[in-house]
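S.K.: structure for the following, please:
(chains A and B)
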Amino acid sequence: MTLTIPTFSLESIGPWITLSVFAIAILLTDALSPKGNRTAAPVLALVGLAVAGFQTVSLWGKTGMDFARMVYVDNFSFFFYIVFILGTGLTVLLSLQYLKDYGKNLAEYYALLLFATVGMMLMASGSHLIMIFLGIEVMSIAVYVLAGLFREDARSNEAALKYLLLGAFASAFLLFGMAMLYGASGGTLFLNDLPARLAGAETFKPLTLLAVALLIVGFGFKVASVPFHMWTPDVYEGAPTSVTAFMAVGVKAAAFAAFARVFFLAFPVLQPDWQMVLWVLAVATMTLGNIVAIAQTNIKRMLAYSSIAHAGYLLVAIIAANQLGAVSLMYYLLAYTLMNLGAFGVVILVGRKKDSYLSIYDYSGLGFQHPVLAASMALFMFALAGIPPTAGFVGKFYVFSAAVQAGYIWLAIIGVMNSVVSVYYYLRITVLMYMKPAEADLGPVSFAPAVTATLALTALGVLLIGVFPGFIYDLAMNSVKVFPGLL
Amino acid sequence: MVVPVSYYLALSIALFALGVIGVLVRRNVLVIMMCIEMMLNAVNLAFIGFADYFKAVDGQMFVFFVMTVAAAEVAVGLALIVAIFRNRATVYVDELNILKW
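M.R.: I've put the predicted structure just below:
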């Protein structure tokens, strides 16, 4: 008996290999270097991310599949690789001073960030349900540990345990959905083969619908859509702020990448069915997120509900299921990464001394004491609210035009009304900063160079891709050609 | 004797449902984790049943990955439970309520 090993080129998964190697190198350097010397880890992490970014750029334009059809090599994946690398890189910059203040500037933190990024990349480019499942778990397990990083802190413990229990519970639903899909399709798990198999298997319709419903539960949990959002505010509040920032941008972007790929490629036959379910979920997610955010006084909880609301807008892009919808999803996630990381950067700076200033009232009078910091926070709040000329506005514009183009006029109207509601709580922060006197003297804010650089970069990015969205739009338009079913 | 695939499916759905009920009803974190394991084993059973029926190996491969991932998840979960027990001396989810649940 002869075994033939399928040909493959390592080049097509270059970024994964680079990040994994650097993560292992970080752990080894830490184990072999003298105690207390932890300066190498963040530098290595940034170098690894830069190399992976360079590799991704040089891969741009390739299309096809590799590793016995397990991996998609296409621009859709590469676009998301860049989003993840950007998100992780900015998180590394945000974390440095924050973790030092807590005495937790550990090398394993940076290694776990890189491993989680590899998981995200697997999710964005997996072409087989095993790959997507493995990606989700590689990412999630690393993030569970990160959420519990402050292991002497009861809040961090509790956040991590809640995330783990509910995450594993949701993964089980996702897996059961995959098992049912395996049965309904007659024994295949390749995304490319599924549409033909499902179209030819009318007798298995109930099984297929059950599978789709279970997959929606699993993905809905990861993107924090109502009614699977219960963990979000608790975990976001309890986890270290830098990890919260990472979860809010990276995990969400990866989950949406996999969600979009699976639903656009595998279920075109069942489109009316899942669109109907997601319509209800999207409306509930937007409305609940925005309304409950109004009542929050802790800035991290408020941003958690805001992230739920944004998941609702992004679901609209998936429901539209046209080319503009996919483009808007990609543009919005890039914009969201920039504006949300910026906002969390300000939260880290203002909340200094071990997060002692996390109430929104601590922002009173910030505009007089630290005008530049307040101005950047105002910019991020405007961006999250979707006010021009920021990237948030352009993203929402694309999402709602995609919905209108697909004939979902009411969904677009509800979405716009929700954006108006969200303006209330985003602008409240701005009003507090500029129109209320400080309740107490905030004292000096220590502007760590890395965090300041992050704020400058994200603020610049939010304005730049908001004023000139054309470049990103073209890149995204070029990427969504991989979905032949989309008009 | 050949066991029909519908038997595997029925057993798998029953196990999965028991797991879900267990997660929702029980309050001890360790028991909740065991119920999640039961849900994952229900998934494994369904995969094995279908793989045998369709004579396709993807399902059997999937089972190995599910088991590996479940082991990793439990390792992290137990570590977290130990950390919580040291801080709070409890393993009941009702008592973990600093953050609004």
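S.K.: let me see the contact set for the closest residue to residue A:207 other than its chain neighbours.
M.R.: Among residues not flanking residue A:207 along the chain, residue A:184 sits closest, at 4.1 Å (Cβ to Cβ, 6 or more residues apart in numbering or on different chains). Where you see a C-beta, it was placed from the backbone N, CA and C, and this is true even at glycine. Neighbouring residues of residue A:184 by Cβ atoms under 8 Å, 6 or more residues apart in numbering or on different chains: A:198, A:201, A:204, A:207, A:208, A:211.
S.K.: helix, strand or coil for the closest residue to chain B within chain A?
M.R.: Nearest to chain B in chain A, going by Cβ to the nearest Cβ, is residue A:187, at a distance of 3.2 Å. Using DSSP: H, G, I helix; E, B strand; the rest coil, the three-state assignment for residue A:187 comes out as coil.
S.K.: average pLDDT for the strand or helix carrying residue A:183, rounded please.
M.R.: Here residue A:183 sits within helix A:154-184, counting by DSSP states H and E. Mean pLDDT, helix A:154-184: 94.
S.K.: now do that helix: distance to the chain's middle.
M.R.: Distance of helix A:154-184 from the chain centroid (Cα atoms, centre = their mean, to the nearest Å) equals 17 Å.
S.K.: so residue A:105: helix, strand or coil?
M.R.: With three-state DSSP as the basis, residue A:105 sits in coil.
S.K.: which parts of chain B are helices?
M.R.: Remark: helices assigned in chain B by DSSP state H are B:5-25, B:29-54, B:58-88.
S.K.: before we move on, the earlier item: the residue of chain A closest to chain B reaches residue B:60, doesn't it?
M.R.: No - using Cβ atoms under 8 Å, residue A:187 makes no contact with residue B:60, being 10.9 Å away.
S.K.: between those two, who's got more neighbours?
M.R.: residue A:187 (18 against 14; other Cβ atoms under 10 Å in any protein chain shown).
S.K.: how far away is the more buried one from residue B:58?
M.R.: To residue B:58, residue A:187 is 7 Å away according to Cβ to Cβ, to the nearest Å.
S.K.: between the two, what contacts are shared?
M.R.: Counting by Cβ under 8 Å, 6+ apart, the common neighbours of residue A:187 and residue B:58 are residue B:51.
S.K.: what residues are up against the residue nearest the centre of chain B?
M.R.: Among the residues of chain B, the one closest to the centroid is residue B:37, at 2.3 Å (Cα atoms, centre = their mean). Applying Cβ under 8 Å, 6+ apart, we find residue B:37 in contact with B:19, B:70, B:74.
S.K.: quick check, nearest of those residues to chain A?
M.R.: Ranked by distance to chain A (Cβ to the nearest Cβ), these are led by residue B:19 at 7.1 Å.
S.K.: what's the closest non-adjacent residue to residue A:113?
M.R.: Using Cβ to Cβ, 6+ apart, the nearest residue to residue A:113 is residue A:88, at 5.6 Å.
S.K.: mind checking the SS state of residue A:7?
M.R.: For residue A:7, the secondary-structure state derived from three-state DSSP is coil.
S.K.: count of neighbours near it?
M.R.: 8.
S.K.: one more: the one 10 residues further on?
M.R.: Neighbouring residues of residue A:17 were enumerated by other Cβ under 10 Å; the total is 14.
S.K.: just checking, it touches residue A:11?
M.R.: No - between residue A:17 and residue A:11 there is no contact, the gap being 9.4 Å when judged by Cβ under 8 Å.
S.K.: for residue 23, which non-adjacent residue is closest in space?
M.R.: Using chain A here. Closest residue to residue A:23 apart from its sequence neighbours, by Cβ to Cβ, 6+ apart: residue A:114 at 3.9 Å.
S.K.: my bad, chain B
M.R.: Leaving aside its sequence neighbours, residue B:23 sits nearest to residue B:35 (Cβ to Cβ, 6+ apart; 4.7 Å).
S.K.: any idea which helix or strand comes after the helix or strand hosting residue A:459?
M.R.: Residue A:459 belongs to helix A:449-467 when assigned by DSSP H and E. Note on helix A:449-467: by DSSP H and E, the next helix or strand toward the C-terminus is helix A:470-479.
S.K.: where does chain B have low pLDDT?
M.R.: Along chain B, segments meeting pLDDT under 70 span B:100-101.
S.K.: for it, identify the residue most remote from the centre.
M.R.: The outermost residue of chain B relative to its centre, with distances by Cα atoms, centre = their mean, is residue B:1 at 29.5 Å.
S.K.: quick check: the gap between the closest residue to residue A:11 other than its chain neighbours and residue A:83.
M.R.: Nearest non-adjacent residue to residue A:11, counting by Cβ to Cβ, 6+ apart: residue A:59, 7.4 Å away. Counting by Cβ to Cβ, the separation of residue A:59 from residue A:83 is 15 Å.
S.K.: how about residue A:428?
M.R.: Distance of residue A:428 to residue A:83, given as Cβ to Cβ: 29 Å.
S.K.: for those two, indicate the residue with more neighbours.
M.R.: Taking residue A:428 and residue A:83 together and counting by other Cβ under 10 Å, residue A:83 has the greater number of neighbours (24 against 15).
S.K.: pretty sure the more buried one contacts residue A:256?
M.R.: No - contact status for residue A:83 versus residue A:256: not in contact, 10.1 Å apart, counting by Cβ under 8 Å.
S.K.: list residues touching both of these two?
M.R.: Counting by Cβ under 8 Å, 6+ apart, the residues touching both residue A:83 and residue A:256 are residue A:333.
S.K.: element containing residue A:242, please.
M.R.: Here residue A:242 sits within helix A:241-246, counting by DSSP H and E.
S.K.: elements contacting the helix or strand that comes right after that helix?
M.R.: Per DSSP H and E, helix A:241-246 leads on to helix A:252-266 as the next helix or strand towards the C-terminus. Packed against helix A:252-266 by the contact rule (3 or more Cβ pairs under 8 Å, 6 or more residues apart in numbering or on different chains; DSSP states H and E) you find helix A:75-102, helix A:107-125, helix A:129-147, helix A:194-199, helix A:205-223, helix A:299-320, helix A:323-350.
S.K.: redo those as JSON lines? Include mean pLDDT.
M.R.: Converted to JSON lines, the helices and strands packed on helix A:252-266 look like this (pLDDT from 0 to 100):
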{"stretch": "helix A:75-102", "mean pLDDT": "94"}
{"stretch": "helix A:107-125", "mean pLDDT": "96"}
{"stretch": "helix A:129-147", "mean pLDDT": "96"}
{"stretch": "helix A:194-199", "mean pLDDT": "87"}
{"stretch": "helix A:205-223", "mean pLDDT": "93"}
{"stretch": "helix A:299-320", "mean pLDDT": "95"}
{"stretch": "helix A:323-350", "mean pLDDT": "94"}
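S.K.: in a markdown table, list those along with distance to residue A:365.
M.R.: Listed next are the helices and strands packed on helix A:252-266 as a markdown table, based on distance: least, Cβ to Cβ, whole Å:
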| stretch | distance to residue A:365 |
| --- | --- |
| helix A:75-102 | 23 |
| helix A:107-125 | 34 |
| helix A:129-147 | 32 |
| helix A:194-199 | 57 |
| helix A:205-223 | 36 |
| helix A:299-320 | 15 |
| helix A:323-350 | 12 |
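S.K.: out of those, the one nearest residue A:474 is which?
M.R.: Nearest of those to residue A:474, taken as Cβ to Cβ: helix A:323-350 at 9.5 Å.
S.K.: picking that back up, any idea how far the residue nearest to the centre of chain B is from residue A:119?
M.R.: According to Cβ to Cβ, residue B:37 and residue A:119 sit 21 Å apart.
S.K.: surely residue A:291 meets residue A:421?
M.R.: Yes - contact criterion Cβ under 8 Å: residue A:291 and residue A:421 qualify, at 6.7 Å.
S.K.: and the stretch 151-300 of chain A, which of its residues are near chain B?
M.R.: Proximity of the stretch 151-300 of chain A to chain B, by Cβ under 8 Å from any Cβ of the partner chain, involves residues A:151-152, A:154-155, A:157-162, A:164-165, A:168-169, A:171-172, A:175-176, A:178-180, A:182-183, A:186-189, A:230, A:233-234, A:237-238.
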